[in-house]
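S.K.: The following block contains a protein sequence and its predicted model.
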Amino acid sequence: MAVYERTWRPYAGAVTPVRSRFLVVTRYALAQAFSSRLFTAFYAACFLPSLLGLFLIYLSHNLGLLEQLGLTRELMGGLTLTFFRILFLWQAVPAFFLMAILAPSLIAPDLANSALPLYLSRPIDCRDYVLGKLAVLFVVVSPPTWVMGLAVFLLQTSEEGLRWGLSNWRIALAYLVGHLVWILVISLLGLAISAWVRFRPAALGALFALLFVLSAFGSAVNAITRTAIGDAAHLIRAIASVVQHLFGAPTSSGLPVLVNWCTLAAVALLSAVVLNWKLRAHEVVR
């Protein structure tokens, strides 16, 4: 075909709806994350605590299997609120490492390689870009955390009866709200650090350092003032107290749980401001 016959033609294919265009960013980021076999293996291992919880619940209601193993039903009667709280912890810790691995690699390479203007020259804006990256963390971390947590709760409810589930509804609330808040706060914090540092290993180190610095600062303030005011800057203790409150258990913080909620909200809001500030300069004005 001659060059002069190559005239411009408008795109005639299917157009992605505006509200779901951020999912294009999510799809490619997910494909890149799971291209690593090591990450995929670690991700599969994150399901082990929940699978163990499912097995223990099944075992506690299977008298025949208990007798074969030489156990008694009383021995497995420890599936109380403490059991579900410990299971939540063993779900949250691997989830944090998942977010710590993924978050620094989502934005830092785009900024370091000047690829962000290529994203934003397409029909997406900074909000869609951040939402697409944030959705990656929610899609990856949700299954081994609150999804499996609710599965454990539903299995226990089906074995014990609906009355047990209604009387222990706070367990389901803690798994759903607690994990979602944990994912949102750490994801925003990780993305903000990734946008600020622009170097993946440094961003990963900065995320861990910031958590430890905040924890050490809060503990130091508590020791100096002999009060619990330092817990307002203790991110880990704040989320722990919020989750304990959702479970209906005594909190580990000396401050009211509302202050802990404010701490988490402040971290999330500050992270969103940093993201908007660092990415706005790269947005292409159309």
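M.R.: That came through, no problem.
S.K.: neighbouring contacts of the strand or helix carrying L38?
M.R.: Using DSSP states H and E, L38 falls within helix 37-45. Residues from elsewhere that reach helix 37-45 (Cβ atoms under 8 Å, 6 or more residues apart in numbering): A33, F34, P94, F97, L98, I101, V140, P144. C-beta here means a position set from N, CA and C on the backbone, and glycine is covered the same way.
S.K.: Assign L210 to helix, strand or coil.
M.R.: helix (DSSP: H, G, I helix; E, B strand; the rest coil).
S.K.: Identify the residues contacting it.
M.R.: L210 sits in contact with L189, I193, where contact means Cβ under 8 Å, 6+ apart.
S.K.: so how far is D128 from it?
M.R.: L210 sits 27 Å away from D128, taking Cβ to Cβ, to the nearest Å as the criterion.
S.K.: go on, S20?
M.R.: Using Cβ to Cβ, S20 is found at 10 Å from D128.
S.K.: So those two - more neighbours on which side?
M.R.: D128 (21 against 10; other Cβ atoms under 10 Å).
S.K.: For that one, which three-state class applies?
M.R.: Applying three-state DSSP: D128 is helix.
S.K.: Wait, it touches V25, no?
M.R.: Yes. Applying Cβ atoms under 8 Å as the test, D128 and V25 come out as touching, 7.2 Å apart.
S.K.: Mutual contacts of the two, please.
M.R.: By Cβ under 8 Å, 6+ apart, no residue touches both D128 and V25.
S.K.: Closest one of the contacts of helix 37-45 to I124?
M.R.: Nearest to I124 out of the contacts of helix 37-45 is A33 (Cβ to Cβ; 19.7 Å).
S.K.: Find the residue at the geometric middle of this protein.
M.R.: I183 (2.3 Å; Cα atoms, centre = their mean).
S.K.: Sticking with that one, tell me its helix or strand.
M.R.: Per DSSP H and E: helix 179-197 holds I183.
S.K.: Only the buried residues of that helix, if you could.
M.R.: 179, 181-197 (16 or more other Cβ atoms under 10 Å).
S.K.: Who are the packing partners of it?
M.R.: helix 81-102, helix 104-112, helix 126-141, helix 200-225, helix 235-247, helix 257-280 (3 or more Cβ pairs under 8 Å, 6 or more residues apart in numbering; DSSP states H and E).
S.K.: Go ahead and measure how far that helix is from the middle of the chain.
M.R.: Averaged C-alpha coordinates place helix 179-197 at 8 Å from its chain's average position (Cα atoms, centre = their mean, to the nearest Å).
S.K.: angle of that helix against helix 257-280?
M.R.: Orientation of helix 179-197 against helix 257-280 (axes from the mean of the first three to the mean of the last three Cα atoms, to 10 degrees) gives an angle of 40 degrees.
S.K.: Show the buried residues in the contacts of helix 37-45.
M.R.: Here, 16+ other Cβ under 10 Å leaves A33, P94, L98, I101, V140, P144 buried among the contacts of helix 37-45.
S.K.: Spatially, what comes nearest to L155 if we skip its sequence neighbours?
M.R.: I57 (5.2 Å; Cβ to Cβ, 6 or more residues apart in numbering).
S.K.: Sort out which residues of the helix or strand hosting that neighbour are buried, please.
M.R.: Per DSSP H and E, I57 falls inside helix 48-60. For helix 48-60, the buried set under the neighbour-count rule, 16+ other Cβ under 10 Å, comprises P49, S50, G53, L54, L56, I57, L59, S60.
S.K.: Equivalent analysis for stretch 159-174, please.
M.R.: For stretch 159-174, by 16+ other Cβ under 10 Å, it's E160, G165, N168, I171, A172, A174.
S.K.: Alpha carbons of stretch 226-245, as PDB, please.
M.R.: Extracted C-alpha coordinates of stretch 226-245, given in PDB (Å, rounded to 0.1, in the frame of the first residue of the first chain):
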ATOM      1  CA  ARG A 226       4.500   8.700  82.000                       C
ATOM      2  CA  THR A 227       1.200   8.800  80.100                       C
ATOM      3  CA  ALA A 228      -0.200   7.100  77.000                       C
ATOM      4  CA  ILE A 229      -0.200  10.200  74.800                       C
ATOM      5  CA  GLY A 230       2.600   8.700  72.700                       C
ATOM      6  CA  ASP A 231       0.200   6.100  71.400                       C
ATOM      7  CA  ALA A 232      -1.300   8.800  69.200                       C
ATOM      8  CA  ALA A 233       1.800   8.400  67.000                       C
ATOM      9  CA  HIS A 234       2.100   4.600  67.400                       C
ATOM     10  CA  LEU A 235       0.700   3.300  64.200                       C
ATOM     11  CA  ILE A 236       0.900  -0.400  65.000                       C
ATOM     12  CA  ARG A 237      -0.600   0.100  68.500                       C
ATOM     13  CA  ALA A 238      -3.400   2.200  66.900                       C
ATOM     14  CA  ILE A 239      -4.500  -0.500  64.500                       C
ATOM     15  CA  ALA A 240      -4.100  -3.200  67.200                       C
ATOM     16  CA  SER A 241      -6.400  -1.200  69.500                       C
ATOM     17  CA  VAL A 242      -9.000  -0.600  66.800                       C
ATOM     18  CA  VAL A 243      -9.100  -4.300  66.000                       C
ATOM     19  CA  GLN A 244      -9.300  -5.300  69.600                       C
ATOM     20  CA  HIS A 245     -12.200  -2.900  70.000                       C
END
